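Trainee: coordinates only, sequence not included:
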């Protein structure tokens with residue numbers, strides 16, 4: 001598998017591309033198996049400074065299947081981190097979103113590479129809009145389920161995956177031993193990149209959603225397909241359309257993320273210590 005073989009080639013297995021990336025990561029880092037994989041969304045990036053020693057940093061463009069993110073707030077690197085307990089963490093900054101137009105395989109790639117690197121736990125963080133009006137910017141929420149309204153799935157062919165405990169009850173219980181005040185909620189995943197209309201948010205509320213965003217659901221499905229146990233952590237950066245009269249902009253989301261980042265970084269680092 002060469003770097004030039006495209007992930008969206010129907011004649012190439014996405015799992016072969018994931019294995020090629022994992023082999024390259026193992027060669028560069030000298031780490032045969034990474035124990036935990038972590039995707040850092042907007043508002044979570046500084047957690048890298050608290051997770052442990054960054055032993056290797058690999059530009060995304062040097063790994064099969066990865067791309068440099070086009071979205072401000074996401075790092076174009078994959079890092080290998082050694083925690084204080086001696087665990088090896090794979091920290092993914094190069095995250096793809098459906099709205100970037102690279103296809104569903106690209107969105108699922110990080111989870112598949114994590115599994116190929118030997119990870120048993122996949123921790124996903126994101127920035128979300130609150131559908132519940134009592135959740136203001138800066139609130140941390142454990143995702144306990146999702147509603148996939150992206151219109152696509154990363155599963156190919158007759159691949160039937162049980163999604164009953166998609167966001168691990170065991171891992172959420174561990175997270176609450178670290179911070180018992182953590183909220184929980186159902187994530188409503190949309191394709192984007194436009195923000196939701198007030199009518200869409202009212203529909204999401206009727207369907208049982210508590211928070212909304214443009215990531216996470218595809219990655220969770222592919223992680224479960226690969227046998228990974230998933231922990232989802234959302235940072236509320238804004239109230240969703242119609243919940244507040246504020247104008248939604250990406251700059252405002254990034255600003256809210258930066259303000260909450262030190263607290264979110266500490267929270268994530270403490271949770272990972274217990275996994």
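Mentor: Sure, I can see it. This one's a predicted model, so the numbers in the text were calculated from it and none came from an experiment.
Trainee: all contacts plus neighbour counts: C-alpha atoms, from now on.
Mentor: Noted.
Trainee: which residue packs closest to residue 34, ignoring adjacent ones?
Mentor: Nearest residue to residue 34 in three dimensions, chain neighbours excluded: residue 88, at 4.8 Å (C-alpha to C-alpha, 6 or more residues apart in numbering).
Trainee: Mind listing the residues bridging to that neighbour?
Mentor: residue 82 (DSSP bridges).
Trainee: thinking it is in contact with residue 30, fair?
Mentor: No: the pair residue 88 / residue 30 is not scored as a contact, 11.0 Å apart, by C-alpha atoms under 8 Å.
Trainee: out of the two, which sits in the busier spot?
Mentor: Neighbour tally, residue 88 and residue 30, criterion other C-alpha atoms under 10 Å: the higher count belongs to residue 88, 23 against 12.
Trainee: So the more buried one versus residue 95, what's the distance?
Mentor: Taking C-alpha to C-alpha, to the nearest Å as the measure, residue 88 falls 20 Å from residue 95.
Trainee: what do you get for residue 86?
Mentor: For residue 86, the distance to residue 95 - C-alpha to C-alpha - is 26 Å.
Trainee: which of these two has more neighbours?
Mentor: Taking other C-alpha under 10 Å, residue 86 and residue 95 do not tie; residue 95 has more neighbours (27 against 11).
Trainee: Now do the contacts for residue 243.
Mentor: 130, 131, 132, 133, 198 (C-alpha atoms under 8 Å, 6 or more residues apart in numbering).
Trainee: scratch that, residue 127
Mentor: Contacts of residue 127 by C-alpha under 8 Å, 6+ apart are 41, 42, 43, 213, 234, 235, 236, 237, 253, 257.
Trainee: My guess is residue 47 contacts residue 266. True?
Mentor: Yes: under the criterion of C-alpha under 8 Å, residue 47 makes contact with residue 266 at 6.7 Å.
Trainee: With neighbour numbers in mind, choose between these two.
Mentor: A count of neighbours by other C-alpha under 10 Å puts residue 47 above the other of residue 47 and residue 266, at 21 against 17.
Trainee: how about the nearest residue to the more buried one, chain neighbours excluded?
Mentor: Nearest to residue 47 is residue 265, by C-alpha to C-alpha, 6+ apart, at 4.0 Å.
Trainee: Wasn't the one you found part of a helix?
Mentor: Yes: under DSSP: H, G, I helix; E, B strand; the rest coil, residue 265 sits within a helix.
Trainee: Run a quick neighbour tally on it.
Mentor: 21.
Trainee: Am I right that it is in contact with residue 46?
Mentor: Yes: using C-alpha under 8 Å, residue 265 makes contact with residue 46 at a distance of 5.9 Å.
Trainee: Quick one: the helices in the stretch 51-200 of the chain, in order.
Mentor: 104-116, 169-178, 198-207 (DSSP state H, counting those that start in this stretch).
Trainee: so which of those is the most packed in?
Mentor: Compared across these, helix 104-116 shows the largest average neighbour count, a mean of 27 (mean count of other C-alpha atoms under 10 Å).
Trainee: Select from the contacts of residue 127 every entry located in strands.
Mentor: When the contacts of residue 127 are checked against strands (DSSP state E), the matches are 213, 234, 235, 236, 237.
Trainee: In TSV, list those residues along with distance to residue 226 and pLDDT.
Mentor: Shown next, in TSV, are the ones in strands among the contacts of residue 127 (distance: C-alpha to C-alpha, whole Å; pLDDT from 0 to 100):
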residue	distance to residue 226	pLDDT
213	23	96
234	22	96
235	26	94
236	28	94
237	30	91
